[in-house]
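J.: Predicted coordinates and the sequence they were generated for:
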Amino acid sequence: MSGPFGLPLPLLTDSYKATHFAMYPEMQKATAYAEFRQGFDGDADDQRMVFYGMRYILEQYVSRQWTQRDIDLAEGFFKTHNAGYGAFPFPRALFEQFVQTNNGYFPVRIDAMAEGSVVYPHTPVVQMTALNAYAPLITYLETVLLMSWYPSTVATISFRSRQAIEESYVQTVDDDAWGTLDSRMHDFGFRACTCVEQSMVGGAAHLLAFDGSDTMSAAYYVQYVLNEGRPVATSIPATEHSVMTAHRSDLHAVLRTIESFGDGVYACVMDSYDYVRALAEVLPAVAQRKLERGGFLVIRPDSGDQIDAVLQGLRAADKVFGSTVNAKGFKVIRGASVIQGDGVTPATLRQILAAVRDAGFSAQCVGFGMGGGLLQKINRDTMSMAIKISSLVYADGEARDIMKSPKTGLEKASLPGTFVVVADPHQGGAP
C-alpha cells in the first residue's frame, strides 16, 4: 500500500466523501477553494494570518502514487463500513481509471499561495480544479488539505507574538541589540503535542518567525528537509525541576550548571521550592563564580503570577549583577535575563512586555517560552478554515458560480467563482 501509517490512500478522507461521486451532477469541470473565514481567534483589529504547511501535506499525502493494491485494500474496508456492517459505496471505477491512465496520481490541479504568505480573511489560499470524469472527486482531498489549518494557526501565533515583541523593541531596545529579537520566543511545545508528526509540523511553523526551539523534531526537519542542511533553530543548556531537585539545594544545582556551561548562555529554573528566596539567596551566592566563568544566565520562573515572576527576576538580577542604561533610557541587565515560559499566550506576552517597559527594563531582558499555547491550545475554528466548491461547468456546457450562504450562519458564507490572488499596491502589497 502507498499511504502512511499502513493506510490505503483512498481512506485519507471522511467517510461521506467516498459517496459524493454518486451525488454530484454530471460536470465537465469543478472548482473549489480554501479560505480562512476570520482572523485569529476572531480578532477584528488585526486580521493578518500566516498561511503555511501546504507543502508538507502535498508531499506526504497528496503527491503519492495510488496503486491497485490501495484500491483493493480500501474495498476490503468499505465492504463492511456501511450502517449494519454492509457495503459502503465508493468510486472504485474512477480510482482504477486514474491508477491506469494517470500513473496513479490523484487527478486534481492544486494551486496554492506561497508558504509563509500573510493573508486576510476570505483570501483564497488554495484552489482545486478537477475535469471531466474526475470532476466529482473535486472535494475528495478536502480532509487532508484542510489540515493546513494547524501549521497556519501556529505560524500566526508566532507571527503575532513577534509583532508584539518588535513593538516593544522599537520602544525600549537600541538598534545594535536587535540581533537578540529572533530568540525572544522559544518553542517549548514538543511534550504538549499528541504525536511526533504534530510537533514537527507545528514546530516548523513557529520557525518562520523565531529561531528558538526545543522541539528537535521540527528543528531537524526544517534544517535537513527544507533548508538544505543549513541550521535554523537553536537552543541553550537549561536545567529542569528534576535536575534542580536531584541536588541537595538550589545552590548546588546552579553551581553545577555554572561549572558545566557557565562560559556560554544557560538557563536555570528557580522555583522548585521558593522562587523569591532563590532569587534573594542563591543569586548572590553564585554571582562571583558566574562572573568568573563569564557566561550569560537566564533565570526561569515556572509558577506564580506571570508578570510578578518576571519583574521579581529582573529586579533581583539587576541588584546582583547590575545594569546599564541604553540610549532609550531603559535598563539592560549585565550578563543575565529572565525567560517566562509558564502559560504564555500572545495576550499575556503583551501584558508582560508592557509591565517590563513600565518597570524601566529593556525588552531584550526578557524572553518567552510557549508550549501548549503554541502547539496545542488551538483548533480549526481559531481561524475558521474551510474548503467549498465555488464554480462548475455542467455536462451540457452551462457554467455556474456557486456559493454557500446560510441565513442562520452568514459567517460561514463562501465565495463564488474561480480566483486569482494579486498583491494590492495600495495596501502595502497585501493580497
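T.: Okay, I see it.
J.: Just the helices from the stretch 251-400 of the chain, written as ranges.
T.: Applying DSSP state H, counting those that start in this stretch to the stretch 251-400 of the chain gives helices spanning 275-277, 283-293, 306-321, 346-358, 372-375.
J.: so can I have JSON lines of these showing distance to residue 218, mean pLDDT and mean neighbour count?
T.: In short, each C-beta sits where N, CA and C put it, glycine included. Below are the helices of the stretch 251-400 of the chain laid out as JSON lines (distance: least, C-beta to C-beta, whole Å; pLDDT from 0 to 100; neighbours: other C-beta atoms under 10 Å):
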{"stretch": "helix 275-277", "distance to residue 218": "30", "mean pLDDT": "98", "mean neighbour count": "17"}
{"stretch": "helix 283-293", "distance to residue 218": "31", "mean pLDDT": "98", "mean neighbour count": "16"}
{"stretch": "helix 306-321", "distance to residue 218": "25", "mean pLDDT": "98", "mean neighbour count": "21"}
{"stretch": "helix 346-358", "distance to residue 218": "19", "mean pLDDT": "96", "mean neighbour count": "18"}
{"stretch": "helix 372-375", "distance to residue 218": "9", "mean pLDDT": "96", "mean neighbour count": "24"}
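J.: Looking at those helices, spot the one closest to residue 6.
T.: helix 372-375 (25.5 Å; C-beta to C-beta).
J.: Show the backbone phi and psi for residue 65.
T.: The phi and psi values for residue 65, taken as degrees, to the nearest 10, are phi -80, psi 120.
J.: my read: it touches residue 104, true?
T.: Yes. Look at residue 65 against residue 104 with C-beta atoms under 8 Å: they come within range, at 3.6 Å.
J.: Who has more neighbours out of the two?
T.: Neighbour totals were compared for residue 65 and residue 104, and residue 104 leads with 17 against 13 (other C-beta atoms under 10 Å).
J.: Against residue 97, how distant is the more buried one?
T.: Per C-beta to C-beta, to the nearest Å, residue 104 is found 11 Å from residue 97.
J.: Also residue 177?
T.: In terms of C-beta to C-beta, residue 177 sits 62 Å off from residue 97.
J.: What of residue 226?
T.: With distances taken as C-beta to C-beta, residue 226 is found 34 Å from residue 97.
J.: that's a helix at residue 107, yeah?
T.: No. According to DSSP: H, G, I helix; E, B strand; the rest coil, residue 107 belongs to no helix; its state is coil.
J.: Leaving out chain neighbours, which residue sits closest to it?
T.: residue 134 (4.2 Å; C-beta to C-beta, 6 or more residues apart in numbering).
J.: Next one, pLDDT for the one you found please.
T.: pLDDT, residue 134: 98.
J.: Tell me if it really is in a strand.
T.: No. Counting by three-state DSSP, residue 134 is located in no strand; its state is helix.
J.: isn't it right up against residue 98?
T.: Yes. The pair residue 134 and residue 98 passes the contact test of C-beta under 8 Å, sitting 6.8 Å apart.
J.: So for the two, which sits in the more crowded spot?
T.: Applying other C-beta under 10 Å to residue 134 and residue 98 shows that residue 134 carries more neighbours, namely 22 against 18.
J.: of the helices of the stretch 251-400 of the chain, which approaches residue 110 most closely?
T.: It's helix 372-375; of the helices of the stretch 251-400 of the chain, that one is closest to residue 110 (C-beta to C-beta) at 26.1 Å.
J.: Centre of the chain to that closest one, how far?
T.: Relative to its chain's centre, helix 372-375 lies at 8 Å (C-alpha atoms, centre = their mean, to the nearest Å).
J.: then it to PDB, C-alphas only?
T.: Extracted C-alpha coordinates of helix 372-375, given in PDB (Å, rounded to 0.1, in the frame of the first residue of the first chain):
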ATOM      1  CA  GLY A 372       0.700  24.200  24.900                       C
ATOM      2  CA  GLY A 373      -0.400  27.700  24.000                       C
ATOM      3  CA  LEU A 374       1.700  27.400  20.800                       C
ATOM      4  CA  LEU A 375       1.300  23.900  19.600                       C
END
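J.: now the helices of the stretch 251-400 of the chain in TSV, with distance to residue 424?
T.: Output for the helices of the stretch 251-400 of the chain, formatted as TSV (distance: least, C-beta to C-beta, whole Å):
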stretch	distance to residue 424
helix 275-277	50
helix 283-293	52
helix 306-321	39
helix 346-358	26
helix 372-375	30
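J.: closest one to residue 155 among the ones you listed?
T.: That would be helix 372-375 among the helices of the stretch 251-400 of the chain, by C-beta to C-beta, at 10.3 Å.
J.: The closest one packs against which elements?
T.: Applying 3 or more C-beta pairs under 8 Å, 6 or more residues apart in numbering; DSSP states H and E, we find helix 372-375 packed against helix 149-172, helix 196-206.
J.: out of these, deepest packed?
T.: helix 196-206 (a mean of 24; mean count of other C-beta atoms under 10 Å).
J.: Let me see the mean pLDDT of that helix.
T.: Here helix 196-206 scores 98 as its mean pLDDT.
J.: same deal with stretch 104-113?
T.: So the average pLDDT for stretch 104-113 ends up being 97.
J.: hey, C-alpha coordinates of it in PDB?
T.: Coordinates of each C-alpha in stretch 104-113 appear next as PDB, following Å, rounded to 0.1, in the frame of the first residue of the first chain:
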ATOM      1  CA  GLY A 104      -1.600   6.700 -10.000                       C
ATOM      2  CA  TYR A 105      -1.600  10.400  -9.300                       C
ATOM      3  CA  PHE A 106      -4.800  11.900  -8.000                       C
ATOM      4  CA  PRO A 107      -6.400  13.800 -10.900                       C
ATOM      5  CA  VAL A 108      -6.800  17.300  -9.500                       C
ATOM      6  CA  ARG A 109      -4.900  20.500 -10.000                       C
ATOM      7  CA  ILE A 110      -4.000  22.300  -6.900                       C
ATOM      8  CA  ASP A 111      -2.800  26.000  -6.800                       C
ATOM      9  CA  ALA A 112      -1.700  27.500  -3.500                       C
ATOM     10  CA  MET A 113      -0.300  30.700  -2.200                       C
END
